[in-house]
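Student: Give me coordinates for this.
(one chain, ligands or ions: 2)
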Amino acid sequence: MSMIAAFYGNKSILITGATGFLGKVLMEKLLRTSPHLKVIYILVRPKAGQTLQQRVFQILDSKLFEKVKESCPNVHEKIRPISADLDQRDFAMGKEDMQELLASTNIIFHCAATVRFDAHLRNAVQLNVIATQQLLVMASQMPKLEAFIHFSTAFSNCNLNQIDEVIYPCPVEPRKIIDSMEWLDDTIIEEITPKLIRDWPNTYTYTKALGEMVIQQEGGNLNIAIIRPSIVGPSWQEPFPGWVDNLNGPSGMIIATGKGFLRSIRATPMAVADLIPVDMVVNLTLAAGWYTAVHRPKSLLIYHSTTGGLNPCKWSEMGLQVLASFKKIPFEKAFRRPNANFTTNSLSAQYWNAVTHRAPAIVYDCYLVLTGRKPRMMKLMTRLLKTISMLEYFTNRSWEWTSANSEMLRSEMSPEDQRVTVLTTQAARNRMDCISRYCLPLRKSLAG
Ligand SMILES: CCCCCCCCCCCCCCCCCCCCCCCC(=O)SCCNC(=O)CCNC(=O)[C@H](O)C(C)(C)COP(=O)(O)OP(=O)(O)OC[C@H]1O[C@@H](n2cnc3c(N)ncnc32)[C@H](O)[C@@H]1OP(=O)(O)O
Ligand SMILES: NC(=O)C1=CN([C@@H]2O[C@H](COP(=O)(O)OP(=O)(O)OC[C@H]3O[C@@H](n4cnc5c(N)ncnc54)[C@H](OP(=O)(O)O)[C@@H]3O)[C@@H](O)[C@H]2O)C=CC1
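Tutor: Ligands and ions are numbered 1, 2, ... in the order given. The predicted structure is shown next:
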């Protein structure tokens with residue numbers, strides 16, 4: 001029997017961000033492999049026109065949960081949604097809900113975040129820093145809490161090239177940033193944002209770094225671990241290959257290339273594409289939760305969930321795999337035949353944008369207007385080019401992440417857990433298999 005799966009049996013688990021990409025996969029794996037867990041509390045923000053229960057049923061109705069429901073048709077009884085908005089004081093939670101959480105929670109997985117690169121600094125600080133701080137305060141009042149697992153990103157220190165499993169100080173103390181958000185107005189915050197974030201490329205990575213510092217400074221005696229995944233992609237194996245439900249990171253770019261919209265990307269072919277399938281991130285997370293609670297390490301441990309350090313994959317290799325997958329399974333109703341290249345300098349990128357992106361979009365829009373339809377291609381192309389420009393920072397640099405803690409974690413696992421729980425390190429060793437599994441199922445999942 002898996003020791004990790006057995007550990008989560010009979011536990012009350014709190015997940016923030018359970019309606020998001022990683023949160024859903026985490027919840028699925030917990031329900032599938034630890035069917036005797038007591039309850040999963042999920043903090044869900046109310047959405048107009050949908051009750052909390054409806055949001056939960058919508059998630060459970062997705063293909064991701066088919067396997068769990070086969071073995072446990074009443075799986076919804078294990079999930080207890082709690083209305084909470086992490087942007088609000090005390091998460092705008094009801095008193096009784098709060099009391100129940102404080103009294104019962106054994107393990108916290110904190111996934112909620114804004115992952116938008118263009119988030120206003122105030123919003124990013126609120127969710128990625130202040131909400132983390134509030135959750136720590138709650139955690140400190142939980143007598144039964146065994147472990148607090150926080151999701152950060154491998155790019156929280158992307159201003160460095162070599163990144164160890166440690167917390168690096170930020171130039172400005174998180175407390176000072178939090179205080180200033182209280183009295184500065186939005187326009188001034190926008191003006192000073194570039195000065196504050198310095199060599200971080202966006203408010204997302206910057207506020208994730210601040211979030212880590214808050215954890216270190218205000219974690220007190222809690223048993224805490226931080227997971228730092230790199231670029232999280234579709235599932236590799238569990239519960240089935242290729243599950244993904246968003247267009248973040250490379251997924252949207254791959255679709256856009258396959259559909260023939262995207263023909264050129266500013267990327268350095270030899271730069272490392274550090275992709276990690278979502279199920280491996282979840283495996284590492286559950287193993288880290290078990291280890292943190294059972295072994296109670298003396299200090300906070302950080303786990304890199306990355307693949308590049310051991311056996312790096314380059315963007316050129318990734319690109320070739322992607323193009324090969326389009327040949328095997330072409331997209332339906334493509335705008336053009338898929339073909340793409342990587343450019344490295346910004347002048348040639350501008351040239352290709354004009355020639356292969358904007359010009360065909362204008363021609364197509366003229367055709368739509370002439371045939372009595374609404375033009376839409378230029379709007380789509382502008383959005384696509386905006387997205388590409390935000391991703392360029394990551395496609396033109398390489399980072400080296402060490403992974404000693406992840407290696408240590410694997411060595412601490414039982415032989416059975418080592419057999420059933422694929423962690424990042426093994427995935428890195430089988431990198432080509434991993435990439436082709438990344439590309440092909442992604443195509444199947446999102447094509448259409
Ligand atoms: C040698 C041969 C070469 C061959 C080349 C072959 C090419 C192969 C492809 C290779 C891929 C290369 C690209 C790699 C890029 C890697 C980047 C990795 C960066 C990771 C860093 C950190 C990882 C993390 O820690 S967390 C997760 C990261 N977060 C994100 O990824 C979020 C980024 N996105 C945003 O911040 C926003 O979406 C933004 C600012 C880019 C755009 O905002 P906007 O307000 O304009 O739009 P949205 O409201 O977000 O969406 C509106 C609409 O558009 C749809 N959409 C969103 N993104 C995409 C997309 N990428 N593609 C297509 N469509 C997209 C979205 O669903 C919405 O649709 P609605 O219908 O309106 O709802
Ligand atoms: N995806 C990736 O490539 C990577 C992700 N990470 C980290 O992993 C974690 C999860 O990311 P991912 O699943 O991709 O992100 P998603 O954007 O898919 O999910 C974000 C989650 O946070 C919730 N949330 C956002 N704002 C609030 C709020 N005010 N109150 C309550 N809940 C809120 C969302 O709820 P709702 O459904 O209501 O919007 C959603 O459940 C994050 O911490 C991220 O930084 C790290 C590295 C890479």
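Student: Which strand residues bridge residue 15?
Tutor: Per DSSP bridges, the residues bridged to residue 15 are residue 42, residue 109.
Student: pLDDT below threshold where in the chain?
Tutor: Residue ranges of the chain with pLDDT under 70: 424-448.
Student: A helix includes residue 180, no?
Tutor: Yes. Under DSSP: H, G, I helix; E, B strand; the rest coil, residue 180 falls within a helix.
Student: count of neighbours near it?
Tutor: Residues lying near residue 180 (other Cβ atoms under 10 Å) number 17. The way it works is simple: take the backbone N, C-alpha and C, and place the C-beta from them, glycine included.
Student: And it, how far from ligand 1?
Tutor: Counting by Cβ to the nearest ligand atom, to the nearest Å, the gap from residue 180 to ligand 1 is 24 Å.
Student: measure that residue to residue 216 for me?
Tutor: 20 Å (Cβ to Cβ, to the nearest Å).
Student: Might you enumerate the residues of this structure proximal to ligand 2?
Tutor: Along the chain, the residues adjacent to ligand 2 under the rule Cβ under 6 Å from any ligand atom are 17, 19-23, 43, 45, 84-87, 111-113, 115, 127, 151, 153, 208, 229, 231-232, 246, 248-249.
Student: Would you list the buried entries among the residues you listed?
Tutor: Buried residues within the residues of the chain next to ligand 2, defined by neighbour count using 16 or more other Cβ atoms under 10 Å: 17, 19-23, 43, 45, 84-86, 111-113, 115, 127, 151, 153, 208, 229, 231-232, 248-249.
Student: now the strands: where do they sit in the chain?
Tutor: Counting by DSSP state E, the chain has strands at residues 12-16, 39-44, 79-83, 107-110, 147-151, 162-163, 224-229, 231-233, 264-266, 275-277, 301-305, 341-343, 400-401.
Student: Now do the helices for the stretch 51-200 of the chain: every range, in order, please.
Tutor: Secondary structure of the stretch 51-200 of the chain (DSSP state H, counting those that start in this stretch): helices located at 52-60, 66-71, 95-104, 121-125, 131-140, 174-183, 186-197.
Student: for the stretch 301-448 of the chain, that is, sorry about that
Tutor: 315-328, 346-352, 359-370, 377-395, 404-412, 415-420, 424-429, 431-446.
Student: Flag every buried residue along the third one.
Tutor: The reference is to helix 359-370. In helix 359-370, counting by 16+ other Cβ under 10 Å, buried: 360, 361, 364, 365.
Student: What is the most widely separated pair among those?
Tutor: Spatially, the most separated pair among the buried residues of helix 359-370 is 360 and 365, at 9.7 Å (Cβ to Cβ).
Student: tell me, what's touching the two both at once?
Tutor: Contact criterion Cβ atoms under 8 Å, 6 or more residues apart in numbering; residues shared by residue 360 and residue 365: residue 377.
Student: Now for the closest residue to residue 87 other than its chain neighbours, how many residues are close by?
Tutor: Among residues not flanking residue 87 along the chain, residue 126 sits closest, at 5.3 Å (Cβ to Cβ, 6 or more residues apart in numbering). Neighbour count for residue 126, taken as other Cβ under 10 Å: 19.
Student: From residue 85, how far out is residue 126?
Tutor: As for residue 126, its distance to residue 85 is 10 Å (criterion: Cβ to Cβ).
Student: Also residue 296?
Tutor: Computed as Cβ to Cβ, the residue 296 to residue 85 distance reads 32 Å.
Student: Put together a markdown table for the strands of the chain, with distance to ligand 1 on each row.
Tutor: Formatted as a markdown table, the strands of the chain follow (distance: least, Cβ to the nearest ligand atom, whole Å):
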| stretch | distance to ligand 1 |
| --- | --- |
| strand 12-16 | 16 |
| strand 39-44 | 19 |
| strand 79-83 | 23 |
| strand 107-110 | 15 |
| strand 147-151 | 9 |
| strand 162-163 | 13 |
| strand 224-229 | 7 |
| strand 231-233 | 5 |
| strand 264-266 | 6 |
| strand 275-277 | 8 |
| strand 301-305 | 11 |
| strand 341-343 | 5 |
| strand 400-401 | 13 |
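Student: Can you say which of these is nearest to residue 377?
Tutor: Nearest to residue 377, of all those, is strand 264-266, at 16.4 Å by Cβ to Cβ.
Student: if we look at that closest one, which residues are touching it?
Tutor: With Cβ under 8 Å, 6+ apart as the contact definition, strand 264-266 has outside contacts at 253, 340-346, 349, 352-353, 356-357, 388, 392, 395-396.
Student: of those residues, buried ones?
Tutor: Judged by 16+ other Cβ under 10 Å, buried ones among the contacts of strand 264-266: 253, 340, 342, 343, 349, 352, 353, 356, 357, 388, 392, 395.
Student: From these, pick the one nearest residue 53.
Tutor: Minimum distance to residue 53 across those is 35.6 Å, recorded for residue 253 (Cβ to Cβ).
Student: Contacts only, for the closest one.
Tutor: Applying Cβ under 8 Å, 6+ apart, the residues contacting residue 253 are 262, 265, 387, 388, 391.
Student: Leaving aside the residues adjacent along the chain, what's closest to the residue of the chain found nearest ligand 2?
Tutor: Closest to ligand 2 within the chain is residue 20: 2.0 Å, counting by Cβ to the nearest ligand atom. In space, residue 20 comes closest to residue 111 once its chain neighbours are excluded; the distance is 6.1 Å by Cβ to Cβ, 6+ apart.
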